[in-house]
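> my questions concern the predicted model and sequence given below.
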Amino acid sequence: MADEVSQRADRLLSLWSELSMLHVALGGACACGTGGISLRLDDFELDIVGYLEDNGLRSGIAEVVDFFSDLQKAGMPPQPLRQILEDARNDQLSAAVAEWLLPKLEKTLRSFAELHGPRARD
């Protein structure tokens, strides 16, 4: 199980590393930033982790609630999504937390990839 979690987290970390460098345009401009407002996808990192945190605290799964409660107490690291994925890759998350968290992260990151990934611009 630990190897599977580690491999899955590694794939998600690679995907996030690729996606986080991409720019998205707001206000109808192109992704090069000409015109409207352009943001990098990593600007959404705290939003993604906040979404997961809200859902985790309401999940009713004690280990998941404890994980996010502890994260709140410790304060968010500078790159919380990357840190969570590195912790999963290094087998530092409990099985219950990894089992709850990784599918949600995968769905979220794949959605970003579909909307904003290199193939989305083709």
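Perfect, thanks for sending it. Numbers count the residues shown, from 1 in each chain.
> mind checking how far the longest helix along the chain is from the chain centre?
Ranked by residue count and defined by DSSP state H, the top helix of the chain is helix 95-116. On the basis of Cα atoms, centre = their mean, to the nearest Å, helix 95-116 sits 7 Å off its chain's mean C-alpha point.
> buried sites along that helix?
97, 98, 100, 101, 102, 105, 108, 109, 112, 113, 116 (16 or more other Cβ atoms under 10 Å). Where C-beta positions appear, they are placed from N, C-alpha and C, glycine not excepted.
> how far away is the most centrally placed residue in the chain from residue 45?
Nearest to the geometric centre of the chain sits residue 81, at 4.7 Å (Cα atoms, centre = their mean). Per Cβ to Cβ, to the nearest Å, residue 81 is found 5 Å from residue 45.
> cool, and residue 100?
Distance, residue 100 to residue 45, by Cβ to Cβ: 19 Å.
> so where's this structure shaky on pLDDT?
Applying pLDDT under 70 to the chain picks out residues 1-2, 21-43, 116-122.
> name the residues contacting each of residue 81 and residue 45.
Common contacts of residue 81 and residue 45 (Cβ atoms under 8 Å, 6 or more residues apart in numbering): none found.
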